[in-house]
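Engineer: could you work out the structure for the sequence below:
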Amino acid sequence: MAKYIEAGIFQLEKPPKIESFAAVAGQKEGEGPLGEYFDEVIEDSHFGRQTWEQAESSFQLEAVSLAIRKAGLVKEDVDAICSGDLINQCIGSTYGLRELEIPYLGIYGACSTMAEGLLIASLLVDGGSVNRAAAVTSSHFSTAERQFRFPLSYGGQRTPTSQWTCTASGAVLLSKNIGGAEIAGGCIGKITDMGVTDINNMGSAMAPAAAGTIKRYLDATKTVPSDYDYIITGDLGITGSKLLVDFLLKQGIDISVQHRDCGEMIFDAETQDTHCGGSGCGCSASVLCGYFLPMLENGQTKNILFAATGALMSPMSLQQGESIPTISHLVHIRKAEKL
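Structural biologist: Have a look, this model is predicted:
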């Protein structure tokens, strides 16, 4: 059962195990520094489909299916799936996963969706509601540009603080007793709005949410940054990462040694011309599943905090002059203890 610590923060007394995981990425991501770590690199941005939205659905289906196959299972062995994406009404998830016929919980946390899905899936397994649950999310450069910015054919200039939405997907399969890593606890984020309105400066908008969530979890669990091998954020990028470290330093918390940001890691910002780095739901999901979870499974690292970040605005709210509310959910993942 989950142990309540304080509002939104819990630890799991029988931590669900990460039985399997998979990361699927697009061509540009595959050409980046982490290309060798992804299970599969899809060079065709359409993935053989007619539209980019259909392609994103295929990315997500491929990630889930691959995670199930890697565990030696079939879809009928999975009791529930928690999924979401950035497209209106999360159609990347619903259209992609409908053929699996797995009980489905649609969620939306913007780019924090992977962490939110892991929190929900872990609570379902820990509480005994299901034996196995999957968490998956995705993003696609072209679907995000079309929805949140400009048509690709417009050819608009990108600002120095802008980030490149990743074409990628990551999936994690949780179960009660099988796996080399486990979910030890988590922190449900609080909506944070510092008045930022610039959609091309998302790292700055999301950094305060990440800082607040990380501080809450460290304070509640009476731990310090050095207790963890890595403190990972989702897609703050270069600018947002610097702000995060500064925000926490002013509160007496130094994460500069442990901090890694998936948005900074996935691209070479200079040679790949991605400005402040990567973003999108698939950014943190693919880096977690492709890079960090294998390190936990093989014992290269033993204890991490995964704090994915999301911006909870819509094109309509931005057009109406609203600021950008943000959130960061945190998942504590560690090397599994032997039974």
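
Engineer: and the helix or strand of the chain with the lowest mean pLDDT, what's buried?
Structural biologist: When each helix and strand of the chain is scored by mean pLDDT, DSSP states H and E, helix 141-148 comes last, with a mean of 75. Within helix 141-148, the residues scored as buried using 16 or more other CB atoms under 10 Å are Phe141, Ser142, Thr143, Ala144, Glu145, Arg146, Phe148. From N, CA and C alone the C-beta is placed, and that goes for glycine too.

Engineer: phi first, then psi, for the residue nearest to the second one when sequence neighbours are not counted.
Structural biologist: Sequence neighbours aside, Trp52 is the residue nearest to Ser142 in space, at 4.0 Å (criterion: CB to CB, 6 or more residues apart in numbering). With angles defined as degrees, to the nearest 10, Trp52 shows backbone torsions of phi -70, psi -40.

Engineer: would you agree Trp52 is in contact with His140?
Structural biologist: Yes: in this structure Trp52 lies within contact range of His140 using CB atoms under 8 Å: 5.6 Å.

Engineer: that older thread, what lines up beside the helix or strand just after the least confident helix or strand of the chain in the sheet?
Structural biologist: Using DSSP states H and E, the helix or strand that follows helix 141-148 in sequence is strand 164-165. Partners of strand 164-165 in the sheet, by DSSP bridges, are strand 278-279 (parallel).

Engineer: which strands or helices does whichever helix or strand comes after the partner strand pack on?
Structural biologist: Sequence order places helix 281-287 as the next helix or strand after strand 278-279, per DSSP H and E. Judged by 3 or more CB pairs under 8 Å, 6 or more residues apart in numbering; DSSP states H and E, helix 281-287 is in contact with strand 17-26, helix 113-126, strand 132-139, strand 168-175, strand 230-233, helix 262-265, strand 303-311.

Engineer: enumerate the positions of helix 281-287 that are buried.
Structural biologist: By neighbour count on 16+ other CB under 10 Å, the buried set for helix 281-287 is Cys281, Gly282, Cys283, Ser284, Ala285, Ser286, Val287.

Engineer: what two of the residues you listed are the furthest from one another?
Structural biologist: Cys281 and Val287 (11.6 Å; CB to CB).

Engineer: Ile232 contacts Tyr291, doesn't it?
Structural biologist: No: the pair formed by Ile232 and Tyr291 falls short of the contact definition of CB under 8 Å, at 9.5 Å.

Engineer: as JSON lines, the buried residues of helix 281-287 with distance to Ile42 and pLDDT would be great.
Structural biologist: Below are those laid out as JSON lines (distance: CB to CB, whole Å; pLDDT from 0 to 100):
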{"residue": "Cys281", "distance to Ile42": "16", "pLDDT": "94"}
{"residue": "Gly282", "distance to Ile42": "12", "pLDDT": "95"}
{"residue": "Cys283", "distance to Ile42": "16", "pLDDT": "95"}
{"residue": "Ser284", "distance to Ile42": "19", "pLDDT": "96"}
{"residue": "Ala285", "distance to Ile42": "15", "pLDDT": "97"}
{"residue": "Ser286", "distance to Ile42": "12", "pLDDT": "97"}
{"residue": "Val287", "distance to Ile42": "16", "pLDDT": "98"}
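
Engineer: low pLDDT regions in the stretch 51-200 of the chain?
Structural biologist: Counting by pLDDT under 70, the low-confidence segments of the stretch 51-200 of the chain come to 147-161.

Engineer: same check, this time on the stretch 201-339 of the chain
Structural biologist: 338-339.

Engineer: returning to that earlier point: between the buried residues of helix 281-287, which sits nearest Leu173?
Structural biologist: Ala285 (13.2 Å).

Engineer: how close does the closest one sit to Gln11?
Structural biologist: Between Ala285 and Gln11 the computed distance is 23 Å (CB to CB, to the nearest Å).

Engineer: and Ile87, by the same measure?
Structural biologist: Distance from Ile87 to Gln11, by CB to CB: 34 Å.

Engineer: what about the two, which has more around it?
Structural biologist: Taking other CB atoms under 10 Å, Ile87 and Gln11 do not tie; Ile87 has more neighbours (23 against 16).

Engineer: isn't that one right up against Phe59?
Structural biologist: No: using CB under 8 Å as the test, Ile87 is too far from Phe59 to be in contact (11.9 Å).

Engineer: and the direction of the least confident helix or strand of the chain versus that of strand 168-175, what angle?
Structural biologist: Computed by axes from the mean of the first three to the mean of the last three CA atoms, to 10 degrees, the angle separating helix 141-148 from strand 168-175 equals 100 degrees.

Engineer: kindly export helix 141-148 (C-alpha atoms) in CSV.
Structural biologist: What follows is helix 141-148, C-alpha atoms only, in CSV (Å, rounded to 0.1, in the frame of the first residue of the first chain):
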residue,chain,number,x,y,z
PHE,A,141,7.7,17.4,-34.3
SER,A,142,5.3,18.1,-37.1
THR,A,143,2.0,17.5,-35.2
ALA,A,144,3.2,19.8,-32.4
GLU,A,145,4.3,22.5,-34.8
ARG,A,146,1.0,22.4,-36.6
GLN,A,147,-1.0,22.6,-33.4
PHE,A,148,1.0,25.0,-31.2
